[in-house]
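Asker: model this:
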Amino acid sequence: ADGEIHEDQLLNFLVNRLDEEVPISLANNAEIAAEDIYEVLVGACADGTSVSTLCASSQNTPTANTILYHLRTKFEPERLERVANTLLRKDIDELLPEQVEVCADLHLRPYYGDEADTDGLYHSEAKRGTTAFHAYATLYARVTNKRYTLAVRRLEDGDTASSVLAEFLGILDGLDTEIKAVYLDRGFYDSKCLTLLQTHDYAYVIPIIRWGETIQQELSEGWSRVIQHDLTGKLDGHSWTVEFP
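Answerer: Below is the predicted model:
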């Protein structure tokens, strides 16, 4: 009535939409309802915090153990990811201009829990005192400094930057809008990813990792210029070299 969107209205909208798209079956004698679980999830996302922190600081909220138990036992991660990405890209072509810049990022959130309880986590080289991470990749369009998320991809052991990038580039190929440029974080800097970007013929910008003496020498020269550099990779025992500016 006052022309404003209020917090409780937005919360109700999100909870109802999630309940419609990803219903949760609970026993008749369950102490909580599906709406309670989704309210905690939406609240934690909005506050940028964890389920445990939100439950501990909020009144009349189910315990964190109760919420986490249902999250672990009731959700199928692959189906959840599929539904979420479908919703993210619904009507996206109507929101994007004729040309867009897109960004791809890899996110590694350190896991410091029990080392025996790391199933489903992503293991990588040691960072911040651990080798186990809650890991995911995001793809989003950048429009006048706003982000329109196109895809979120959970990472597990066996996933590689190039396998994730191949999926993301497939999504971009399916959009009606023109891709002006692709910006990637340094996690995508390897020969397979560079080959994929050249194959799809997208303009791209990616920070390099200073592997080897040649590039370290080039970067120590001290003035701006364009050079050609090459990177060699291996796949199934075969090696190849990709050259890029």
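
Asker: Spatially nearest residue to Lys192, not counting backbone neighbours?
Answerer: Take Lys192 and drop its neighbours on the chain: the residue closest to it by Cβ to Cβ, 6 or more residues apart in numbering is Ser162, 3.6 Å away. All C-beta spots, glycine's among them, are computed from the backbone N, C-alpha and C.

Asker: What of Leu194?
Answerer: Val242 (4.8 Å).

Asker: what residues does whichever helix or strand that neighbour is part of touch?
Answerer: Using DSSP states H and E, Val242 maps to strand 238-244. Strand 238-244 has contacts (Cβ atoms under 8 Å, 6 or more residues apart in numbering) with Ser191, Leu194, Thr195, Gln198, Gln228, His229, Asp230, Leu231, Thr232, Gly233.

Asker: Sort out which one of those residues lies nearest Glu39 for me.
Answerer: Leu194 (44.0 Å; Cβ to Cβ).

Asker: tell me the contacts of Pro62?
Answerer: Per Cβ under 8 Å, 6+ apart, neighbours of Pro62: Glu31, Ile32, Asp36, Ile37, Val40, Cys55.

Asker: got it, and Asp105?
Answerer: Asp105 sits next to Ala137, Thr138, Leu184, Asp185, Gly187 when contact means Cβ under 8 Å, 6+ apart.

Asker: do the same with Asp157
Answerer: Leu121, Tyr122, His123 are the contacts of Asp157 under Cβ under 8 Å, 6+ apart.

Asker: May I ask which of those residues has the most neighbours?
Answerer: Neighbour counts for the contacts of Asp157 (other Cβ atoms under 10 Å) peak at Tyr122, which has 21 neighbours.

Asker: Identify the bridge partners of that residue.
Answerer: Here Tyr122 sits in beta bridges with Phe133, going by DSSP bridges.

Asker: Now do it, the pLDDT please.
Answerer: Looking at Tyr122, its pLDDT stands at 89.

Asker: That one and Thr130 touch, don't they?
Answerer: No. With contact defined as Cβ atoms under 8 Å, Tyr122 does not reach Thr130; the gap is 11.1 Å.
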